[in-house]
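Please find the sequence and the predicted model below.
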Amino acid sequence: MPSRARSRTRGLDPAKLATVRSALQGFVDRGELSGVVTLTSLNGEVVETSAIGWSDIETRTPMRPDTLFRIASMTKPVTSVAALMLIEEGRIALSDPISRWIPELAEPLVLRDAAGPLHDVEPARRAITVEDLLTHRSGIAYAPFSEGPLKQAYQSALGDPGMNRSTPDQWLAALGALPLAFQPGERFHYGHSTDVLGFLIGRVEGKPFREVLRDRIFAPLGMADTDFWLPREKRGRLASLYAYDSASGGLAKVEPEMYDEPPAYTPGGGGLISSAPDYHRFARLLLEGGALDGVRLLRPETVRLMQTNRLTEAQRRIPFAGMDLWKKSGFGLGVSIAEDIVDNPYSCGAPGSITWPGVFGTWWQADPVNDLVLIYLVQHQVPVSARSGSTIATGRGAAGRRALPVYQQGIYDALGEQPGWMRQEPAA
């Protein structure tokens with residue numbers, strides 16, 4: 001729960017907020033970002049919104065406060081909340097083997113070397129559990145975060161993690177035919193764990209995962225613009241995706257395929273489209289201990305459990321995508337937690353702040369000490385790999401990623417805080 005007694009007496013300095021907006025405008029003016037939308041709330045009240053630059057450069061469509069964005073891995077905390085709701089109801093448990101609902105992964109084989117040949121495998125030493133999915137310790141991989149033959153095997157068998165024409169049953173069957181990169185429970189290894197979790201939730205509920213989120217989270221919270229599918233009448237509000245083009249030295253549009261009808265494949269790890277106002281409501285839910293505007297989805301003790309580190313000391317010493325991320329931050333049930341802010345390049349704000357970003361540059365944070373929510377949305381594609389995290393904001397064409405710490409530092413400066421600044425972001 002937020003520390004209201006301390007934060008209620010403070011506000012954000014308007015002059016410093018204006019400086020933040022000007023600095024972000026510079027990234028657009030230099031052609032490093034197409035545009036950005038930000039939303040900041042303090043004590044539950046929105047105190048800053050900005051819509052800067054272009055939703056679409058070619059048509060000169062301006063960003064708006066309600067512009068829609070592909071939020072990619074910001075989907076994961078939403079899926080995790082849905083799982084925690086089922087845990088509260090006693091329908092699943094953290095220790096449950098997922099094979100009760102996902103028989104496709106009942107007897108997985110595991111690579112002896114995560115970068116080694118696909119035939120060099122051994123049986124899993126124990127079953128994958130629900131907690132393994134929530135903490136990315138299932139051994140399930142992602143193609144971009146894999147090395148060796150497993151990378152191509154994942155790409156060939158599973159296709160695009162975010163856009164797929166398979167049904168959940170077909171996709172899970174394909175995943176079950178692939179070896180795990182690591183033994184269940186061995187380490188945090190970023191992958192399709194939350195996608196599997198979403199399909200598990202659907203099977204427990206007996207209906208498509210998309211409907212579960214709509215009925216149990218989005219409708220109760222009033223998140224009318226959040227979905228796995230974007231109908232044609234809303235597509236004009238969707239921000240275009242851009243990437244650095246080496247030939248022109250500027251941004252070039254990337255045009256992902258769009259579904260004409262609601263998809264069967266709805267990945268809980270990265271498929272949602274949302275807006276700053278919608279995701280703000282979700283972040284406030286967590287900051288308020290599981291309830292918002294009279295609607296309770298989780299008990300406070302469950303939210304505290306979600307925000308408590310689950311990684312062992314040995315697991316925290318293993319880099320994530322080349323970053324020493326877990327040295328001063330932990331990982332709970334679907335979110336990372338800032339623990340030590342001093343000289344921590346991957347966290348900002350106050351200890352206890354939670355987040356998990358998206359691969360297209362989207363980011364959010366709920367800071368309970370300052371009762372502060374920050375939402376930062378862009379559509380900026382950069383390459384990611386098993387070791388790219390520590391250089392994602394410094395590579396050629398990635399200059400736009402340096403706008404995020406400008407926003408972060410500017411907001412905390414306006415608040416009068418002096419935290420450590422996140423200079424780099426997890427490559428989610």
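Everything's here; your move.

could you point out where the protein is predicted with low confidence?
Within the chain, the segments meeting pLDDT under 70 span 1-10, 388-397, 417-428.

For it, just list every one of the helices.
For the chain, the helices defined by DSSP state H cover 4-7, 14-29, 75-88, 130-134, 149-158, 168-176, 193-205, 209-213, 219-221, 276-287, 300-306, 313-316, 403-415.

To Trp363, which of those lies closest?
Smallest distance to Trp363 across the helices of the chain (CB to CB): 5.8 Å, for helix 403-415. All C-beta atoms are positioned from the backbone trio N, CA, C, and that covers glycine.

That closest one vs helix 14-29, what angle?
Angle of helix 403-415 versus helix 14-29, following axes from the mean of the first three to the mean of the last three CA atoms, to 10 degrees, is 170 degrees.

circling back: just put the helices of the chain in TSV and tack on distance to Ser41 and mean neighbour count.
As requested, those are arranged in TSV below (distance: least, CB to CB, whole Å; neighbours: other CB atoms under 10 Å):
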stretch	distance to Ser41	mean neighbour count
helix 4-7	11	12
helix 14-29	13	16
helix 75-88	17	23
helix 130-134	27	25
helix 149-158	37	17
helix 168-176	35	18
helix 193-205	26	25
helix 209-213	23	22
helix 219-221	15	15
helix 276-287	6	23
helix 300-306	18	17
helix 313-316	31	14
helix 403-415	11	22
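
Adding distance to His119, write the ones you listed out as TSV.
Converted to TSV, the helices of the chain look like this (distance: least, CB to CB, whole Å):
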stretch	distance to His119
helix 4-7	57
helix 14-29	48
helix 75-88	32
helix 130-134	24
helix 149-158	9
helix 168-176	17
helix 193-205	24
helix 209-213	33
helix 219-221	47
helix 276-287	43
helix 300-306	39
helix 313-316	28
helix 403-415	42
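
closest to Pro117 out of the ones you listed?
Minimum separation from Pro117 across the helices of the chain (CB to CB) falls at helix 149-158, 6.0 Å.

Point out the other elements, helices or strands, that the closest one touches.
Using 3 or more CB pairs under 8 Å, 6 or more residues apart in numbering; DSSP states H and E, the elements in contact with helix 149-158 are helix 168-176.

got the contact list for the helix it packs on?
For helix 168-176, the external contacting residues (CB atoms under 8 Å, 6 or more residues apart in numbering) are 102, 104-105, 108, 140, 157-158, 164, 166, 192, 195-196, 199, 202, 208-209, 264-266.

picking that back up, can you say which of the helices of the chain is nearest to Gly332?
helix 300-306 (5.3 Å).

what does that closest one rub up against?
By CB under 8 Å, 6+ apart, the surrounding residues in contact with helix 300-306 are 1, 80-81, 84, 87-88, 286, 289-290, 298, 332-335.

Most widely separated two among the residues you listed?
Met1 and Ile87 (20.2 Å).

out of the helices of the chain, nearest to Ile375?
helix 276-287 (4.7 Å).

helices and strands around that closest one, which ones?
For helix 276-287, the packing partners by 3+ CB pairs under 8 Å, 6+ apart are strand 35-42, helix 75-88, helix 219-221, strand 291-292, strand 363-367, strand 372-377.

now Ala276, nearest residue through space, not along the chain?
Computed as CB to CB, 6 or more residues apart in numbering, the closest residue to Ala276 that is not its neighbour in sequence is Leu39, at 4.1 Å.
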